[in-house]
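1. Need coordinates for the below:
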Amino acid sequence: MKGIYKPKGKFLWDFWVYEENGEYHLFYLQAPLDPDPHTRHRNASIGHAISTDLIKWKEVGTALEASNIDDDWDSVSTWTGCTLKKDDTYYMFYTARCKQDVAEDGYVGHTQRIGVAFSKDLYTWKKYEDNPIVIADPRYYEQQDEAYNKHEGWRDPDVIFDEETGFYYMFLTARDKEGDPKARGCIGKARSKDLLNWEVLSPAASPRTLTDLEVPSLHKHEGKWYMIFAVKEQWYSEQYKQEIAPNEPQTGQLYFVSDSLDGEFKPIDHDNVLIGTADRQYTGRIIKGPDGYDYFLTWNAGEDEGYTDVEDPYTLAKPRKVIYEKSGKMRLE
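-> A predicted model of the protein is given here:
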C-alpha cells in the first residue's frame, strides 16, 4: 500500500496523534534511511507533522531527541510515547534507554524507562529535570536479569484521564514477572493525579500467551474501553496457537476490551484481530476523524518486520474507518 506521508530522508514507524481545534499533531519515531532498517531503533528521534484531514501532512521537524551525554537516562534514542494537555501545559511522555546499560551480549540500552517533556505550544519541548518518572516495579514486572533476552521491557506509554476516578492511567508494553519467559508479554499500568508522581500497579492485561504486546492505544466507544496493541506471529505460545485454531497467528493488531480503565482488559473472543499478516502493517492508533467517526491509522511495515514485498515501507498509511459490530467487535472498512 502506498504511504501518504514520510519525513524527508527518514524512516517513519511508531507514532501517536494529538488533536486540538481541528488540527492533528502527528508525533512519530524517525531515523535516517539506511540499507538495514533495524538500525533505526538505536538512531530514533521523535518527529512532528501536522494535518487537518489526516491525509495531507506537513512536516514540522524534530520534536525531541536523545541526550548527547552518555550517562543520561535517554542517551541511546527516544522511543514511542503519547501527548496530552493538563491546564495550560502539554506533556509528552516517551520511552528511552541509557548507553551505560550494556547487556551480557553487548546490547546497549537493555533497560527501558519512561520520562516526560513539557511544551506551551506543541512545537518547542523541554525535558523534565527529574526524569525518568516511571520504571518497572519488580513486585509485578520482569526485571532485566530475569528476561529471556536480558532486555527489560517498559515502553510505549499511553496516558488516559479517567473522569470517574480523577486519575491519569498509563498503559505500557511490559512483561509479567511470572509464567513462561517467552510468553510473559503484558500491558503494564500505573496511575497518577499530577502526571509526575506515579504509582505502578499490577498489569491491566496479562494473557501469558505472547512474548510482547507492543504500543497499546486506548479509546472509548459506547461505554467500553478498547485497547489495541501490536504482535508478531512468532510471539504466539504453543498453547495460544492451539486455543485460537483453526485461526492462525498474525503479525499486526489485536485488541482487548474492558468496562473501565481500572478493570481487566480481555478479548471478546479468539477472533480479535484488527489487522493481520496480509495487511503488512504494524502498530497503530484509533482516533476521531474530522467527520466524527473513528479511524485506524498505521504505518506500512518492511524488512525488519519480515516483509520484503511492501511497496512503500516505513511510511504512514491511509486511514481506514472503524466499523463496530453489534457484538462489540471491530473491523475496518
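2. rest of the way, CA atoms for contacts and neighbours
-> Fine.
3. my read: residue 301 touches residue 314, true?
-> Yes - counting by C-alpha atoms under 8 Å, residue 301 touches residue 314, with 5.6 Å between them.
4. Quick check: neighbours shared by the two?
-> Residues touching both residue 301 and residue 314 (C-alpha atoms under 8 Å, 6 or more residues apart in numbering) are residue 13.
5. Please, where are all the strands along the stretch 51-200 of the chain?
-> In the stretch 51-200 of the chain, the strands defined using DSSP state E, counting those that start in this stretch lie at 58-64, 78-86, 89-96, 113-119, 126-127, 154-161, 168-175, 185-192, 199-205.
6. buried ones in the first one?
-> By neighbour count, and taking 16 or more other C-alpha atoms under 10 Å as the criterion, the buried residues in strand 58-64 are 58, 62, 63, 64.
7. Quick check: which helices or strands does it pack against?
-> The contact analysis (3 or more C-alpha pairs under 8 Å, 6 or more residues apart in numbering; DSSP states H and E) places strand 58-64 against strand 45-51.
8. Dump the buried residues of strand 58-64 to TSV, plus distance to residue 183 and pLDDT.
-> As requested, those are arranged in TSV below (distance: C-alpha to C-alpha, whole Å; pLDDT from 0 to 100):
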residue	distance to residue 183	pLDDT
58	40	98
62	36	98
63	35	98
64	33	98
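9. what's the farthest-apart pair in these?
-> 58 and 64 (17.4 Å; C-alpha to C-alpha).
10. Just give the closest residue to residue 142, not the sequence neighbours.
-> Residue nearest to residue 142 in three dimensions, not counting chain neighbours: residue 177, with 4.3 Å by C-alpha to C-alpha, 6 or more residues apart in numbering.
11. ok, that neighbour to residue 185 distance?
-> Distance of residue 177 to residue 185, given as C-alpha to C-alpha, to the nearest Å: 10 Å.
12. So which of these two has more stuff around it?
-> Shown here are residue 177 and residue 185; by other C-alpha atoms under 10 Å, residue 185 has more neighbours (29 against 19).
13. Do I have it right that that one meets residue 204?
-> No - using C-alpha under 8 Å, residue 185 is not in contact with residue 204; the gap is 11.4 Å.
14. Point me to the helix or strand that includes the residue lying closest to residue 40 once chain neighbours are set aside.
-> If you skip the residues right next to it in sequence, residue 40 has residue 31 as its closest partner in space, 5.2 Å away by C-alpha to C-alpha, 6+ apart. Element membership for residue 31, per DSSP states H and E: strand 23-32.
15. neighbouring contacts of that strand?
-> With contact meaning C-alpha under 8 Å, 6+ apart, strand 23-32 is reached by 7, 9-19, 40-41, 43-54, 63, 78-80.
16. quick one: strands adjacent to that strand?
-> Each strand paired with strand 23-32, and its direction, by DSSP bridges: strand 10-20 (antiparallel), strand 45-51 (antiparallel).
17. Using neighbour counts, pick out the buried residues of it.
-> 24, 25, 26, 27, 28, 29, 30, 31, 32.
18. ok now that strand, how far from the chain's centre?
-> Centroid separation for strand 23-32 versus its chain: 13 Å, with C-alpha atoms, centre = their mean, to the nearest Å.
19. try stretch 34-45
-> Chain-centre distance of stretch 34-45: 17 Å, with C-alpha atoms, centre = their mean.
20. And for stretch 325-333?
-> When distances are taken as C-alpha atoms, centre = their mean, stretch 325-333 is centred 22 Å away from the chain's centroid.
21. Pull out the buried residues from it.
-> Neighbour counts over stretch 325-333 (16+ other C-alpha under 10 Å) mark 329, 330, 331 as buried.
22. Once you drop chain neighbours, what's closest to residue 133?
-> Nearest non-adjacent residue to residue 133, counting by C-alpha to C-alpha, 6+ apart: residue 115, 5.3 Å away.
23. still on that earlier bit, model confidence for the residue nearest to residue 40, exactly?
-> Per-residue pLDDT puts residue 31 at 98.
24. Distance-wise, check it relative to residue 235.
-> Separation of residue 31 from residue 235 (C-alpha to C-alpha): 26 Å.
25. How about residue 200?
-> Taking C-alpha to C-alpha, one finds residue 200 at 26 Å from residue 235.
26. Residue 141 now?
-> Going from residue 141 to residue 235 by C-alpha to C-alpha gives 18 Å.
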